[in-house]
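Visitor: Okay, here's the prediction I keep looking at, along with the sequence it came from:
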Amino acid sequence: MTPEIAKQQVLNLLQQVIQKQQLEQVEQYLSNELIVVLNGQNINYTRYLERLHHLAAAPKATINELVVHDCIFAEDEQAVTVHYIVKITTKLTQEDQIDVLSLWRFKDEQLIFCNEVAWPLTPVAERFQADQQFIRDYII
């Protein structure tokens, strides 16, 4: 897999599945052997899909924008690392930002592993709690 194709595949996944919640696109990108580590919590492909469908059906926040700052391909590892900011609006109509760093690995041109860490960029304590809840619901 070329670096350009690998990076574009991860960026398409983030934009289509995470930001726009076009869940019918999931199988195009993810292997059914997928293992995801989200802020230290391990989940498998089935559980990851369940979470995505649940969140699309009952959103606690709206994703307004997903801004990618860095996207790096490691050819030896067949891995893409992405640093991005998710701009959200909570049910309380507060606009907040979540900083995310993720590592995606490929097997047979599908994503098979993700290790993702997310943290809020909100200095106010009560909004920090709302962002922590968003991270638990959407990212973990």
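Guide: Alright, I've got the coordinates.
Visitor: Near Ile43, how many residues? Count them for me, please.
Guide: Per other Cβ atoms under 10 Å, the neighbour tally for Ile43 reads 17. In short, each C-beta sits where N, CA and C put it, glycine included.
Visitor: next helix or strand past the lengthiest helix in the chain?
Guide: Across the chain, the longest stretch assigned as helix under DSSP state H is helix 45-57. Next helix or strand after helix 45-57 toward the C-terminus (DSSP states H and E): strand 61-74.
Visitor: and that next one, which strands flank it?
Guide: Strands adjacent to strand 61-74 in the sheet, as given by DSSP bridges, are strand 79-90 (antiparallel).
Visitor: can you list contacts of the strand it pairs with?
Guide: With Cβ atoms under 8 Å, 6 or more residues apart in numbering as the test, strand 79-90 has contacts from 6-7, 9-11, 14, 18-19, 60-74, 95-106, 118, 121, 130-131, 134.
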